[in-house]
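Peer 1: Sequence plus the predicted model coming up.
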2 protein chains.
Amino acid sequence: MANSSTTEEEQPADADVFLAIAHPIRRRILDRLARDDLTVTQLAAPFAVSRPAISQHLRVLREAGLVAERRQGRERRYSLQPQPLAEVSDWIHQYDHFWRTRLAALSNYLDEQDEQDEQDEHAEQEQ
Amino acid sequence: MANSSTTEEEQPADADVFLAIAHPIRRRILDRLARDDLTVTQLAAPFAVSRPAISQHLRVLREAGLVAERRQGRERRYSLQPQPLAEVSDWIHQYDHFWRTRLAALSNYLDEQDEQDEQDEHAEQEQ
DNA sequence: ATTATACGTAAGCAATTCCTTACATGTCAA
DNA sequence: TTGACATGTAAGGAATTGCTTACGTATAAT
């Protein structure tokens, strides 16, 4: 009952961005919208699924706040709304430190292997 | 048929990282593994679901290459394997430019609003 | 040896996802 | 107006997800 937001009724209260980007078709839609604003028919063209399927994917993206639609005559032109991706970006960046630490650890390990292999080399001219 | 990699047969051929991180429990598991290596029982403790449910989540993470397990007596200690997150990181970073462009556009818009509001300010000492 | 602990996995089930086809609505064109 | 686009949505169904309980198998403890 006492759910997420009591104050977000204008904004569609972004429905899980992580879920929205989990589907490869939806990611490809976003990729293409990063280049151009496109209509549904244009968006659907390169995909192997039906046009309504794309409409449904667009709904998921819309509810996640990742795309916006503007009506142009009988067409609806979609544009990328990248802000919600910040949540993913932030989450991923938590691991940057860990990342580097791990690479460093691997590097140290390899260095130690080298030391054990070579044991008394001084000239370090090979890369 | 001619899929991504023809040379990855030792590694479990990472099963969709985007899907693996789409579930909040799995993200929280990764978050905790970024601090400590933990056993399944330790991992399961704070969650509202059963221990087998966590085991199943761990399988998804394992198949995505995001965690590694090492057997320690009757326990299995899991550790974070952040490398596959690079795919997500790379994908997200495609949008960095778009991001900044959009922020810049917003900024310009606000600047123009300011210009219309103030119209003849010269001293630019505030940051 | 027996019992308890730590874990994976199978089976079963409700809910959800993702597709399809069919249809309703709104807009341009003749 | 009539017909051809452009699009959203509803209905239905197969596949998948995410949980549960039950069970099997190691390992540790007694």
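Peer 2: On my side now, so go ahead.
Peer 1: is stretch A:55-64 up against chain B anywhere?
Peer 2: No: contact of stretch A:55-64 with chain B (CB under 8 Å from any CB of the partner chain) is absent, the minimum separation being 11.9 Å. C-beta coordinates here come from the backbone N, C-alpha and C atoms, glycine included.
Peer 1: can I have that stretch written out in CSV, keeping just the CAs?
Peer 2: This file holds the C-alpha atoms of stretch A:55-64, laid out as CSV (Å, rounded to 0.1, in the frame of the first residue of the first chain):
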residue,chain,number,x,y,z
SER,A,55,4.8,0.0,-29.7
GLN,A,56,4.8,-2.1,-26.6
HIS,A,57,8.5,-1.8,-26.1
LEU,A,58,8.1,2.0,-26.5
ARG,A,59,5.6,2.0,-23.8
VAL,A,60,8.0,0.3,-21.4
LEU,A,61,10.7,2.9,-22.4
ARG,A,62,8.2,5.7,-22.0
GLU,A,63,7.1,4.5,-18.5
ALA,A,64,10.8,4.3,-17.5
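Peer 1: List of residues touching that stretch?
Peer 2: With contact meaning CB atoms under 8 Å, 6 or more residues apart in numbering or on different chains, stretch A:55-64 is reached by A:12, A:14-17, A:19-20, A:23, A:25-26, A:29-30, A:40, A:43, A:67-69, A:78, A:84.
Peer 1: How about A:Trp99: what's its closest non-neighbour residue?
Peer 2: Ranked by CB to CB, 6 or more residues apart in numbering or on different chains and with sequence neighbours excluded, the top spatial neighbour of A:Trp99 is B:Pro82, at 5.3 Å.
Peer 1: tell me the SS of the one you found?
Peer 2: When classified by DSSP: H, G, I helix; E, B strand; the rest coil, B:Pro82 comes out as coil.
Peer 1: show me the residues around it that make contact.
Peer 2: Contacts of B:Pro82 by CB under 8 Å, 6+ apart are A:95, A:98-99, A:102, B:34, B:66.
Peer 1: Check A:Pro24 too.
Peer 2: Contacts of A:Pro24 (CB under 8 Å, 6+ apart): B:Phe18.
Peer 1: cool, the one 5 residues further on as well?
Peer 2: The contact partners of A:Ile29, taken as CB under 8 Å, 6+ apart, are A:43, A:54, A:57-58, A:61, A:67.
Peer 1: near DNA strand C, anything from the helix or strand hosting it?
Peer 2: A:Ile29 is part of helix A:24-33 when elements are defined by DSSP states H and E. Yes: for helix A:24-33, a contact with DNA strand C is found by CB under 7 Å from any atom of the strand, at A:Ile25.
Peer 1: related to what we said a few turns ago, buried among the contacts of stretch A:55-64? Need that as a selection in ChimeraX.
Peer 2: This is how ChimeraX selects the buried members of these, with burial counted by 16 or more other CB atoms under 10 Å in any protein chain shown:
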select /A:14,15,16,17,19,20,23,26,29,30,40,43,67,69,78,84
